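Peer 1: Sequence first, then the predicted structure, then my questions.
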Amino acid sequence: MNIQSEIEFFSDLGLVDKVRFVVKLMYEVSEEVKSSAGEGDTIRLKFANEINQRLARFSYQILSEDAARPQDDVVIRMLLGTRADKVTERIIQNAYRRVLTSFESFDTTVLLNAH
């Protein structure tokens, strides 16, 4: 998977589509870890929980138009970068691929900042 092209794809999405993509990814990470984690495999379950917490926070920051949120490239690199644990790397890559193959951008929603 080419990380730079994934960064460009994600960066081109509108704010609401970014959140939709991230929330769908959170769901797919949860599904993937359920199917790949063995009984008593707390390390991978904790990993999925940590990733989903970070993505939930990122989604909140996008929707609240938080200027301090991580840049898109940082988040994509966090997700798709090489990992020492190849099983967790596969969990993220499989979940990410499923989102990519089913995602449709609507690009129609406008957020109004109340400031």
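Peer 2: That came through, no problem.

Peer 1: Please count neighbours and contacts with C-alpha atoms only from this point.
Peer 2: Noted.

Peer 1: Work out which residue lies at the spatial centre of the protein.
Peer 2: Val22 (4.2 Å; C-alpha atoms, centre = their mean).

Peer 1: and the gap between that residue and Asp85?
Peer 2: Going from Val22 to Asp85 by C-alpha to C-alpha, to the nearest Å gives 22 Å.

Peer 1: likewise Asn94?
Peer 2: Computed with C-alpha to C-alpha, the distance linking Asn94 and Asp85 is 15 Å.

Peer 1: what does Tyr60 give?
Peer 2: Tyr60 sits 28 Å away from Asp85, going by C-alpha to C-alpha.

Peer 1: Need phi/psi at the residue nearest to Ile62 when sequence neighbours are not counted.
Peer 2: By the measure of C-alpha to C-alpha, 6 or more residues apart in numbering, the closest residue to Ile62 outside its immediate chain neighbours is Leu15, 6.5 Å from it. Backbone geometry at Leu15, expressed as degrees, to the nearest 10, gives phi -60, psi -50.

Peer 1: Please apply the same query to Ala67.
Peer 2: For Ala67, the backbone dihedrals (degrees, to the nearest 10) come out as phi -70, psi -20.

Peer 1: what's the span of stretch 34-53, first residue to last?
Peer 2: With C-alpha to C-alpha as the measure, the ends of stretch 34-53 fall 17 Å from one another.
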